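[1] sequence? don't have it. structure:
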Ligand code: 26Q
């Protein structure tokens with residue numbers, strides 16, 4: 001048989017299988033419409049179609065899910081538990097179809113129902129159970145663990161309300177609740193039988209038994225039940241389906257009964273409501289701690305349920321022999337938010353399993369690893385000892401004991417250094433004593449990592465220097481990554497197909513293969529196709545912007561995007577200063593620049609962060625003035641897109657030319673949006689901060705726009721005394737821009753509205769915007785010049801994609817696994833049961 005005959009037969013078999021698959025997909029969708037939802041072709045709404053399609057996809061997932069869990073069980077595989085208060089999953093339908101390899105089949109079938117996957121996708125709510133980078137990183141990691149066949153489990157909270165919806169009303173941010181569960185959630189499986197009690201408050205009764213053994217009993221506590229909900233996490237075309245287990249708070253029945261017995265029905269019901277408030281809402285603070293009692297209770301609630309679940313699973317195999325626990329269990333702490341797990345595991349082992357302190361401590365430190373995501377002091381978690389002891393009295397005792405043993409060790413290691421004890425203590429002394437969660441996490445873990453090379457260096461050299469000197473080998477770097485399945489295959493199908501046409505499809509699982517695109521930068525017909533894909537993506541985004549904001553933008557203009565949470569250190573304000581100074585240039589001469597520009601902003605401000613909200617109002621106010629000024633001939637438009645989140649990112653990123661990554665050097669731990677843009681062919685304008693430095697290394701300095709001070713220079717400037725007024729007084733365009741802001745040029749009805757912004761820059765400028773201003777402006781002119789040469793720009797766009805291989809979260813997870821978790825991958829075979 002000749003090769004081409006073989007191919008022919010293979011294609012024929014393939015087609016038969018596909019047509020069989022299509023038939024059964026169609027049957028199942030119809031079945032869900034008529035049987036599950038009691039609808040027919042005529043009465044079915046978009047939502048009914050979505051639900052029926054999702055339930056059909058779920059059948060494919062469930063089969064693989066059981067197989068995967070069975071395989072892990074049979075192999076008694078070591079597991080990694082990724083504990084996170086946030087999982088920013090976004091939508092599931094398209095992503096599941098891409099990963100199952102069933103996108104085309106479903107696409108065809110839903111057309112027979114008179115709709116499209118895009119239309120159905122529009123009815124799905126985002127699972128917005130996170131704030132920003134840290135939560136989305138957790139979601140990308142789950143995708144990579146599944147794709148690599150690793151027994152990885154996500155554990156978190158099933159918030160009833162995720163990150164708030166942002167509306168822009170009169171230029172201001174307005175928050176409304178996110179009722180993402182209102183129409184049901186076809187992706188979750190409730191497990192009402194999987195229920196664990198979690199205690200709060202009460203006191204500790206200590207006793208000594210006849211053998212002289214010390215016992216602690218947690219008495220008079222109030223109890224909340226944690227109920228599991230499972231969400232499937234499919235790997236990319238490998239039959240693995242892992243699990244994300246989210247806990248919902250349920251009141252205990254016994255708790256209610258005591259009231260019922262006393263005939264106090266109303267009290268019982270209202271207590272039930274109060275208890276179930278625990279998992280009601282995600283705290284909307286990003287990089288900003290808030291010492292709220294309910295937040296601490298959320299942290300402990302999910303940690304306690306999770307550890308009970310992990311121990312139950314372990315005991316199925318090894319009963320009461322805990323010696324193998326660290327060989328079968330790795331727990332990664334996503335920042336300090338779940339760090340109370342260290343005290344909780346100690347409690348469960350000592351009070352529950354009756355192990356000794358030393359046995360328990362050895363197990364605990366071998367099990368836990370901690371990832372730090374921020375160096376900002378206001379984001380480091382500290383809980384008042386008073387509050388902590390009230391809610392978790394036994395944990396407070398355990399933390400004191402951990403601390404006292406730890407400080408003994410410190411004193412031995414640094415005998416002549418008395419300051420160091422105070423600096424390293426888990427308990428911050430003072431008027432109001434605090435538990436420093438990062439210190440607890442470091443002491444209780446065998447690994448501490450930062451999320452980019454620079455950030456990991458800062459951790460070692462300054463943030464946790466003393467700890468680094470004590471335990472240098474604990475510290476390591478794991479540069480963040482993003483999943484190419486969601487952030488290229490699913491969100492940018494046209495570019496994804498073009499890449500596959502050129503170099504085959506291996507890159508989806510081995511992103512370094514994108515390097516093979518490099519020679520195509522010399523192929524003119526490829527350049528044209530590349531440009532066409534980008535332009536079509538920009539046209540689609542332009543239509544969205546017209547619908548959403550009523551602003552008409554030119555798809556041929558330079559799409560300049562800054563989309564991320566609003567925070568002063570991220571310096572959206574620097575971008576606005578540039579926009580205003582560019583406006584001033586254009587006012588004098590609309591022909592002064594070489595490329596038309598559209599500046600696109602997106603991002604939520606924490607509801608209590610007034611400065612961040614005022615910055616949004618400034619952006620929208622400046623947009624109003626600039627977009628409606630005929631003098632500048634449409635050369636500059638500014639758009640603030642409301643409700644930035646995963647789904648909006650999936651629309652914006654494929655359509656962007658320029659990625660703004662302009663944080664003060666040394667403040668952005670890594671950034672991951674920067675990676676998503678580069679992977680979709682945008683060029684970065686950025687500082688030498690976080691992972692930008694590594695993007696520079698990968699794409700080469702010709703293909704990125706770097707400006708401003710580096711982190712060493714930032715430190716030096718701060719140390720020698722930084723005076724923003726010097727810059728204001730010596731740079732004319734800066735002075736003019738600041739004066740326009742403070743004098744009410746953009747707020748004619750409320751002249752003093754933006755004074756606080758101007759003043760905070762003039763008198764503090766904590767993030768050194770003025771110091772980087774000139775360099776930024778100059779670099780932006782360079783950007784315009786280069787964008788005006790389409791061919792050169794497109795080549796650079798290709799080099800950015802070609803250089804993005806390092807930023808796959810598969811690479812990140814491979815590193816975590818090699819150095820920290822040490823799991824074996826478990827292949828999943830389908831076929832007969
Ligand atoms: C803490 C206590 C109470 C309430 C809220 C919080 C809280 C919540 C979220 C503190 C911090 C966060 C989020 C931090 C975060 O997203 N950090 C980002 O993590 C990304 C993934 O590593 C990095 O790429 C970003 O640089 C970093 O800012």
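    Alright, I've got the coordinates. Keep in mind that what you see is a predicted model, and the values were worked out from it rather than measured. Numbers count the residues shown, from 1 in each chain.
[2] what's the burial count for residue 485?
    Other residues lying near residue 485 total 27 when counted by other Cβ atoms under 10 Å. C-betas here are computed from N, CA, C, even on glycine.
[3] show the contacting residues for it.
    95, 98-99, 143, 147, 236, 508 (Cβ atoms under 8 Å, 6 or more residues apart in numbering).
[4] contacts only, for the closest residue to it other than its chain neighbours.
    Spatial nearest neighbour of residue 485, chain neighbours left out: residue 236 (5.4 Å); criterion: Cβ to Cβ, 6 or more residues apart in numbering. Taking Cβ under 8 Å, 6+ apart, we find residue 236 in contact with 98-99, 143, 146-147, 485, 508-509.
[5] which among these end up buried?
    98-99, 143, 146-147, 485, 508-509 (16 or more other Cβ atoms under 10 Å).
[6] just these: which are in helices?
    Among the buried ones among the contacts of residue 236, the members found in helices (DSSP state H) are 98-99, 143, 146-147.
[7] greatest separation within the residues you listed: which pair is it?
    Across these, the longest distance by Cβ to Cβ is 12.6 Å; it joins 98 and 146.
[8] chain center to stretch 705-717: distance?
    Centroid separation for stretch 705-717 versus its chain: 26 Å, with Cα atoms, centre = their mean, to the nearest Å.
[9] same question for stretch 13-24.
    Taking Cα atoms, centre = their mean, one finds the center of stretch 13-24 at 37 Å from the center of the full chain.
[10] related to what we said a few turns ago, residue 588: which of the contacts of residue 485 is nearest?
    Closest approach to residue 588 among those (Cβ to Cβ): residue 95, at 48.5 Å.
[11] please identify the buried residues of the stretch of helix or strand that closest one belongs to?
    Assigned by DSSP states H and E, residue 95 falls within helix 93-100. Judged by neighbour count (16+ other Cβ under 10 Å), helix 93-100 contains these buried residues: 93-100.
[12] for residue 191, which non-adjacent residue is closest in space?
    Closest to residue 191 by Cβ to Cβ, 6+ apart is residue 228, at 4.2 Å.
[13] ok, the helix or strand where that neighbour lies: who's next to it in the sheet?
    For residue 228, the element it lies in under DSSP H and E is strand 222-234. Here strand 222-234 has these sheet partners by DSSP bridges: strand 188-200 (antiparallel), strand 241-251 (antiparallel).
[14] columns distance to the ligand on top of the ones you listed, output as a markdown table?
    Below are those laid out as a markdown table (distance: least, Cβ to the nearest ligand atom, whole Å):
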| stretch | distance to the ligand |
| --- | --- |
| strand 188-200 | 18 |
| strand 241-251 | 17 |
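[15] nearest approach to residue 721 belongs to which of those?
    strand 188-200 (48.2 Å).
[16] next helix or strand past that closest one?
    Next along the chain from strand 188-200, counting by DSSP H and E, comes strand 203-208.
[17] whichever residue of the chain sits closest to the ligand: what's its closest spatial neighbour, skipping adjacent residues?
    Proximity of the chain to the ligand (Cβ to the nearest ligand atom) peaks at residue 133, 2.9 Å away. Spatial nearest neighbour of residue 133, excluding adjacent residues (Cβ to Cβ, 6+ apart): residue 672 at 5.4 Å.
[18] per-residue pLDDT, that neighbour?
    Listed pLDDT for residue 672 reads 99.
[19] return the distance of it relative to residue 49.
    Distance, residue 672 to residue 49, by Cβ to Cβ, to the nearest Å: 33 Å.
[20] what residues are up against residue 728?
    734-735, 738, 762, 770.
[21] from residue 176, how far out is it?
    39 Å.
[22] again with residue 542
    Going from residue 542 to residue 176 by Cβ to Cβ gives 27 Å.
[23] so which of these two has more stuff around it?
    Under the neighbour definition other Cβ under 10 Å, residue 542 and residue 176 were set side by side, and residue 542 has more, 21 against 10.
[24] mind telling me which residue is nearest the centre of this structure?
    Compute the mean C-alpha point of the chain, and by Cα atoms, centre = their mean the closest residue is residue 136, 2.0 Å away.
[25] wouldn't it be in contact with residue 672 here?
    Yes: under the criterion of Cβ atoms under 8 Å, residue 136 makes contact with residue 672 at 6.5 Å.
[26] average model confidence for the strand or helix carrying residue 268?
    Per DSSP H and E: residue 268 is located in helix 265-276. Helix 265-276 shows a mean pLDDT of 83 in the predicted model.
[27] contacts only, for the residue nearest to residue 133.
    133, 136-137, 140, 480-482, 691.
[28] next: residue 287.
    374, 376, 378-379, 565, 567, 569.
[29] what about those, which are in strands?
    Among these, DSSP state E puts none in strands.
[30] and those residues, which are buried?
    Buried among the contacts of residue 287 by 16+ other Cβ under 10 Å: 374, 376, 379, 565, 567, 569.
[31] phi and psi next, for the first one.
    With angles defined as degrees, to the nearest 10, residue 374 sits at phi -160, psi 150.
[32] in the stretch 701-833 of the chain, which spans are helices?
    711-720, 724-730, 732-743, 755-763, 769-787, 790-802, 809-816 (DSSP state H, counting those that start in this stretch).
[33] pick the most deeply packed of those.
    Here the criterion is mean neighbour count by mean count of other Cβ atoms under 10 Å, and of these the winner is helix 809-816, at a mean of 23.
[34] distance of residue 504 from residue 680?
    To residue 680, residue 504 is 19 Å away according to Cβ to Cβ.
[35] ugh, wrong one, I meant residue 417
    Applying Cβ to Cβ, the value for residue 417 to residue 680 is 50 Å.
[36] who has more neighbours, the two?
    Neighbour count, other Cβ under 10 Å: between residue 417 and residue 680, residue 680 has more, with 26 against 13.
[37] thinking that one is in contact with residue 657, fair?
    No: judged on Cβ under 8 Å, residue 680 makes no contact with residue 657 at a distance of 10.2 Å.
[38] redo the contacts of residue 672 as a markdown table? Include pLDDT and secondary structure.
    Listed next are those as a markdown table, based on pLDDT from 0 to 100; DSSP: H, G, I helix; E, B strand; the rest coil:
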| residue | pLDDT | secondary structure |
| --- | --- | --- |
| 133 | 98 | helix |
| 136 | 98 | helix |
| 137 | 99 | helix |
| 140 | 99 | helix |
| 480 | 99 | coil |
| 481 | 99 | coil |
| 482 | 99 | strand |
| 691 | 99 | coil |
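[39] with adjacent residues omitted, what lies nearest to residue 287?
    residue 379 is the one closest to residue 287 (Cβ to Cβ, 6+ apart), at 4.4 Å.
[40] how about stretch 159-170, does it reach the ligand?
    No: residues of stretch 159-170 contacting the ligand under Cβ under 6 Å from any ligand atom: none, with a closest distance of 10.5 Å.
[41] do the same with stretch 455-466
    No: Stretch 455-466 does not reach the ligand (Cβ under 6 Å from any ligand atom); its nearest approach is 7.5 Å.
[42] tell me the buried residues in that stretch?
    Within stretch 455-466, the residues scored as buried using 16+ other Cβ under 10 Å are 455-456, 458-460, 463-464, 466.
[43] average pLDDT for that stretch?
    Here the average pLDDT along stretch 455-466 is 98.
[44] which outside residues touch it?
    372, 375, 420, 423-424, 438, 442, 448-450, 468, 475-477, 666, 669-670, 690, 711.
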